[in-house]
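Student: my questions are about this predicted structure, shown below with the sequence.
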Amino acid sequence: MLRVGGLVPLTTLDFPGHLACVLFCQGCAWRCRYCHNPQLIPARGEQEHAWDAVLDFLRSRQGLLDAVVFSGGEPTLQKTLPEAIEQVRALGFRIGLHSAGVKPKPFARVVKLTDWVGFDVKALPEDAERVTGVAGSGAANWRSLDHLLASGVDYECRTTVHWHLFDADRLWRLALRLRETGVERFAVQWVRTARMLDDSLPWAPPPLEQRELWEQLEALFPQFILRGG
C-alpha cells in the first residue's frame, strides 16, 4: 500500500483554511538542490509508517480534522495513491495534494481526485534542470501545470527561491509566464537553508530591488503570497 515516510498530525498551513494532517509520501525522481527532505527521495524509507496504522490514526481524528494532505517526496509516483485517497475520503476528509507533477500522466489522473493542490513550479522550463538536476524536468513540470489548470481543482502555485539559482529577472520572467498561462494564485517562498540536499550550494543575498519586485508581483497576480521574506 502507500509508502508513508513521515506524518505531521496537525497543520493550518498546508491546506489553506483547513485543519489538516500531512502524509509525507516516500520517493521522488528529482534531486532538487535545496531539498530539505532528502530522506524522502529513495523509493523505500528507513522509518516508514504502516498504512493500516495511518488509517487508524486518521479514524481517531474524524471530526477533529478537516483534511489530509498527501505531500512528499512526490506522492503521484506511487501507483497506490488513488486508492489511498479513496480510503481517506471515505473517512470524511477533504483531500489536499502537494506535487511538482514529476510524471504528467499520473499527475493528471490523481489531480481530479483532490480538492486542492499546492503545485511546485520549479523554474521556467529551460531553467528547471539547474534546480532539479534532471533533464526534461522543466517540460514535465509545465505539462502537469497545464493539467492542473484544466482540471478546475482549486490550487496554489508556489516557487521556492534560492538566490543562487534565481535572480530578480528570472523570477519576474517566471511570474509573467505563469500569469500568461492563467495562474491567479502564486506564492514565493524562501528556501530552508538549515538542511539541503546540496551542501555545496552557497548562500546568496536577495536582490537589492526585491521590494519593487514584490510590488510588481502583487500587481500581476490576483493573489500573491510571500512566505519568509
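Tutor: That came through fine. Numbering: from 1, shown residues only.

Student: now the strands for this protein?
Tutor: 4-11, 20-25, 67-71, 94-99, 116-120, 154-161, 185-190, 223-227 (DSSP state E).

Student: for residue 216, which of these is the nearest?
Tutor: strand 223-227 (9.5 Å; CB to CB). Just so you know, the C-beta spots here come from the backbone N, C-alpha and C atoms, and that holds for glycine as well.

Student: which residues sit in contact with the residue nearest to residue 119 when sequence neighbours are not counted?
Tutor: With sequence-adjacent residues excluded and distances taken as CB to CB, 6 or more residues apart in numbering, residue 119 is closest to residue 157, at 5.1 Å. Taking CB atoms under 8 Å, 6 or more residues apart in numbering as the criterion, residue 157 is in contact with 119, 121, 145, 178, 183, 185, 186, 187.

Student: what is the first one paired to in the beta sheet?
Tutor: Same thing as residue 119. residue 99, residue 157 (DSSP bridges).

Student: go ahead and confirm it touches residue 96.
Tutor: No - at 11.3 Å, residue 119 and residue 96 do not qualify as touching, with contact defined as CB atoms under 8 Å.

Student: just the residues contacting the least confident helix or strand in the chain by mean pLDDT, thanks.
Tutor: Least confident element among the helices and strands of the chain, by mean pLDDT, DSSP states H and E: helix 210-220 (a mean of 92). Under the criterion CB under 8 Å, 6+ apart, residues 168, 171, 172, 175, 176, 179, 186, 188, 207, 224, 226, 229 lie in contact with helix 210-220.

Student: what angle separates it from strand 223-227?
Tutor: 150 degrees (axes from the mean of the first three to the mean of the last three CA atoms, to 10 degrees).
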